[in-house]
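Engineer: return atomic coordinates for the entry below.
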Amino acid sequence: MEPPSDSKESSQPAATTIPARALFGNILHGSSVYALALAAPLAAAVLLSPITTRCLSQRDFGVTELLTNVAAILSCLLSVNLSSAMGYFYFGATDAAGRRAAAGTAILGCAILGAGAAVICWPAAPAISHAFFRGVDAAHYLRVMFLLMFPAFIVDSLFVWLRVENRTRVFVAGSLLRVSMTVIGTLLFVKALGLGVWGVLATTGGAIVLTLVYVLAVWLRSMKPVLDTRLFTSMARFSLPLTGSSMAMFFLHFGDRLFLPLYWPLSDLAVYAIAYKIGMVMSTAYGAFHVYWGAQVFPIMRRADSVDVFRRVFTYVVLLVSAAALGLIVISGPAVHIMYRREYWGAANLVPVLVLAYSFRAIGDFIRCLFLVEGHPGYEAVCTFLGAAICLGGYLALIPKYGIWGAATATAIAFCVICAISLIWAMRVRPYPVDSPRLIKIALAIGAAMIPYWLWRTAAFPVMTASAVLSLVVFVSVLLLLRFPTPGEWELVRSVGGAMLLRFGPAARRAKRSLEATPGVDPQC
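Structural biologist: Next up is the predicted model:
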């Protein structure tokens, strides 16, 4: 399959501003810091999920899932995905004033779009409730979700600004604030007061508003708000294809949960939602890297040595995705048995299929960043639309007959196709080599590690748990036996570990002196 015909070579100048060693240190350090911000919501979700599934009926739990999905669909459509254009225009600016204009226009533009979205959606609440919530009057719930679009749009754009400026400390602090408010709200409104769906909405709203107050204050102290209407038009034009791409990607993520209630009871949707939450942990595992990469890819891929950078980073991404996928698959059985009531245990059987789907999704996301670097956001839209079309066909063919298994299978097929098309097109737009020998080593390690899982995945709980540990040990052992890590990579990990101590550890000053005394190590990387 050929990429769209408007393909052209990048006109961006190549530039190398820091040595490759420091660059990879920055990537590892930035991803590690962002991992703190993404691990906190994941940990909170793991801890709170047993509470919500016990305090809410299966029907109410299904209602909260549908509310989230409907609000997300409308947000993707009405936000025009404007904040996604910030990085392209920010790094394309020639001076500080241009960068301020790019950030301010994106943030203020998102505020305007958020207010408009709430006004547009408010009167449609009864119709949406009737269309998607069978037997439940959800109009009042929906109106609350619509009002929250205004602060949510602004928060999302502010977090993109933090990523673009690489302000990791504020990003982590804002993320932790939002997670803390979510935990407190769930314990207070859902568990203690027993407010049900209203408690979930109160928790969501409080977390968004308080996070907005904090991050907005940081932005206003940093720069004067600027709204350039001409630049806003250019950003909207750039992001419009990404809006379609986001809609298609959202359908790939959540379309199955809109189709399932049409053919199967909400109790099945609740089980599927548990499995999907575990599968989407893949997004969190890869997301720690992608939060950094998605914002900094523009200057990185304009380096003179971008070919070698891409080859190495691609190998690391495959290693990260493979390790995360293996860990999720092997621990899903014991985790589901510990955390949830018996009626949810069937979710563990779906996890391998959904983890496979999100493994393909992560690799595809990494590759498609090249489309934005080359100034071709339309390519991403075409890829995701093709995947969404395939997924829709899978839903229609498989969900009525096979239920949650059909939904999971259709999702996996769609993400696999998107990943394949993205790779083919990206290599034709601007070819980059891959490190095949090291990728083969990763594949061998995964194959060996999966053997204990398949042998004992249906065994008793103690044996199942022991096999999970054995699989992880086998994976690491095979990589070491095949000499996958290079001496330079070991040194890089040690260097970044020292930098993390410098920023977050109690022995910061001692770590800084040690790093400065080490030849070839950048203490800021």
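
Engineer: run through who's touching stretch 362-370.
Structural biologist: 282-283, 285-286, 290, 293-294, 297, 301, 314, 317-318, 321, 379-380, 383, 415, 418-419, 422-423, 426, 429-430, 432 (CB atoms under 8 Å, 6 or more residues apart in numbering). Glycine gets a C-beta too; all of them are placed from N, C-alpha and C.

Engineer: let's see which of the residues you listed end up in helices.
Structural biologist: If you go by DSSP state H, the contacts of stretch 362-370 have 282-283, 285-286, 290, 293-294, 297, 314, 317-318, 321, 379-380, 383, 415, 418-419, 422-423, 426, 429 in helices.

Engineer: any of those buried? List them.
Structural biologist: In these, burial by neighbour count holds for 282-283, 285-286, 290, 293-294, 297, 314, 317-318, 321, 379-380, 383, 415, 418-419, 422-423, 426, 429, counting by 16 or more other CB atoms under 10 Å.

Engineer: now Gly185. Nearest residue, chain neighbours left out?
Structural biologist: Nearest residue to Gly185, sequence neighbours excluded (CB to CB, 6 or more residues apart in numbering): Thr203, at 3.0 Å.

Engineer: tell me the buried residues in the helix or strand where the one you found lies?
Structural biologist: For Thr203, the host element (DSSP states H and E) is helix 197-222. By neighbour count on 16+ other CB under 10 Å, the buried set for helix 197-222 is 197, 199-208, 210-212, 215-216, 218-219.

Engineer: same deal with stretch 473-481?
Structural biologist: Quick answer for stretch 473-481 (16+ other CB under 10 Å): 474-475, 478-479.

Engineer: do the same with stretch 99-113
Structural biologist: Quick answer for stretch 99-113 (16+ other CB under 10 Å): 99-111, 113.

Engineer: so which of those residues comes closest to Pro50?
Structural biologist: Cys110 (34.9 Å; CB to CB).

Engineer: now the helix or strand harbouring the closest one: mean pLDDT?
Structural biologist: Assigned by DSSP H and E, Cys110 belongs to helix 96-121. Averaging pLDDT along helix 96-121 yields 91.

Engineer: and after that helix, which helix or strand comes next?
Structural biologist: Following helix 96-121 in sequence, per DSSP H and E, is helix 125-132.

Engineer: who's in contact with that following helix?
Structural biologist: Helix 125-132 is contacted from outside by 66, 70, 136-140, 142-143, 146, 258, 261, using CB under 8 Å, 6+ apart.

Engineer: show the buried residues in these.
Structural biologist: 66, 70, 136, 138, 142-143, 146, 258, 261.

Engineer: please enumerate the strands of the stretch 151-300 of the chain.
Structural biologist: Using DSSP state E, counting those that start in this stretch, no strands are found in the stretch 151-300 of the chain.

Engineer: pLDDT weak spots in it?
Structural biologist: Within the stretch 151-300 of the chain, the ranges that satisfy pLDDT under 70 run 241-247, 249-250, 252-254, 266, 288, 294-296.

Engineer: coming back round to it: Val190: which of the buried residues of stretch 473-481 is nearest?
Structural biologist: Of the buried residues of stretch 473-481, the one sitting nearest to Val190 (CB to CB) turns out to be Phe475, at 37.6 Å.

Engineer: and stretch 59-78, how far from the chain's centre?
Structural biologist: Averaging C-alpha positions (CA atoms, centre = their mean, to the nearest Å) puts stretch 59-78 17 Å from its chain's average.

Engineer: ok, back up a step: with pLDDT added, can I get the buried residues of stretch 473-481 in CSV?
Structural biologist: Putting the buried residues of stretch 473-481 into CSV (pLDDT from 0 to 100) gives the following:
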residue, pLDDT
Val474, 92
Phe475, 92
Val478, 92
Leu479, 90
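
Engineer: and which of the residues you listed is nearest Val351?
Structural biologist: Nearest to Val351 out of the buried residues of stretch 473-481 is Phe475 (CB to CB; 17.3 Å).

Engineer: pick out the most distant pair among the buried residues of stretch 99-113.
Structural biologist: Going by CB to CB, the pair spanning the buried residues of stretch 99-113 furthest: Arg99 and Leu113, at 21.3 Å.

Engineer: from the buried residues of stretch 473-481, which is closest to Ala93?
Structural biologist: For the buried residues of stretch 473-481, the nearest to Ala93 is Leu479 (42.4 Å; CB to CB).

Engineer: how close does the closest one sit to Leu212?
Structural biologist: To Leu212, Leu479 is 43 Å away according to CB to CB, to the nearest Å.

Engineer: check Gly364 too.
Structural biologist: For Gly364, the distance to Leu212 (CB to CB) stands at 31 Å.

Engineer: then Ala139?
Structural biologist: According to CB to CB, Ala139 stands 25 Å off from Leu212.

Engineer: who does the stretch of helix or strand Phe89 belongs to touch, helix- and strand-wise?
Structural biologist: Counting by DSSP H and E, the element that carries Phe89 is helix 86-92. If you count contacts as 3 or more CB pairs under 8 Å, 6 or more residues apart in numbering; DSSP states H and E, helix 86-92 packs onto helix 96-121, helix 149-164, helix 229-263, helix 281-300.

Engineer: from the ones you listed, which stretch is densest packed?
Structural biologist: helix 149-164 (a mean of 23; mean count of other CB atoms under 10 Å).

Engineer: where do the helices of the stretch 301-450 of the chain begin and end?
Structural biologist: For the stretch 301-450 of the chain, applying DSSP state H, counting those that start in this stretch gives helices covering 306-339, 347-373, 377-402, 404-429, 436-456.

Engineer: follow-up on the earlier one: got the helices and strands packed on helix 86-92 as TSV, with distance to Trp345 columns?
Structural biologist: Listed next are these as TSV, based on distance: least, CB to CB, whole Å:
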stretch	distance to Trp345
helix 96-121	37
helix 149-164	34
helix 229-263	19
helix 281-300	18
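
Engineer: which stretch among these comes nearest Ala43?
Structural biologist: From these, taking CB to CB, the stretch that ends up closest is helix 281-300, at 10.0 Å.

Engineer: report the backbone C-alpha coordinates of the closest one in CSV.
Structural biologist: C-alpha atoms of helix 281-300 as CSV (Å, rounded to 0.1, in the frame of the first residue of the first chain):
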residue,chain,number,x,y,z
VAL,A,281,-1.7,-0.2,31.1
MET,A,282,0.4,-0.8,28.0
SER,A,283,-0.5,2.8,27.1
THR,A,284,0.8,3.9,30.4
ALA,A,285,4.0,1.9,30.2
TYR,A,286,4.8,3.3,26.7
GLY,A,287,3.2,6.6,27.5
ALA,A,288,6.1,7.5,29.9
PHE,A,289,8.4,7.6,26.9
HIS,A,290,5.8,9.0,24.4
VAL,A,291,5.1,12.0,26.6
TYR,A,292,8.7,13.0,26.2
TRP,A,293,9.2,11.8,22.6
GLY,A,294,6.0,13.2,21.2
ALA,A,295,7.0,16.8,22.2
GLN,A,296,10.8,16.6,21.6
VAL,A,297,10.8,14.5,18.4
PHE,A,298,10.8,17.6,16.3
PRO,A,299,14.3,18.9,17.2
ILE,A,300,15.7,15.3,17.7
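
Engineer: how far does that helix sit from the chain's center?
Structural biologist: 8 Å.

Engineer: could you check the angle that helix makes with helix 347-373?
Structural biologist: Angle of helix 281-300 versus helix 347-373, following axes from the mean of the first three to the mean of the last three CA atoms, to 10 degrees, is 10 degrees.

Engineer: tell me what angle helix 281-300 forms with helix 306-339.
Structural biologist: 160 degrees.

Engineer: and helix 281-300, what other elements does it pack with?
Structural biologist: Checking 3+ CB pairs under 8 Å, 6+ apart, helix 281-300 ends up next to helix 20-55, helix 86-92, helix 149-164, helix 306-339, helix 347-373.

Engineer: what angle do the last one and helix 377-402 make?
Structural biologist: It stands for helix 347-373. Per the same axes, to 10 degrees, the angle that helix 347-373 makes with helix 377-402 is 160 degrees.

Engineer: quick one: helix 347-373 to helix 436-456, angle?
Structural biologist: Going by the same axes, to 10 degrees, helix 347-373 makes 160 degrees with helix 436-456.
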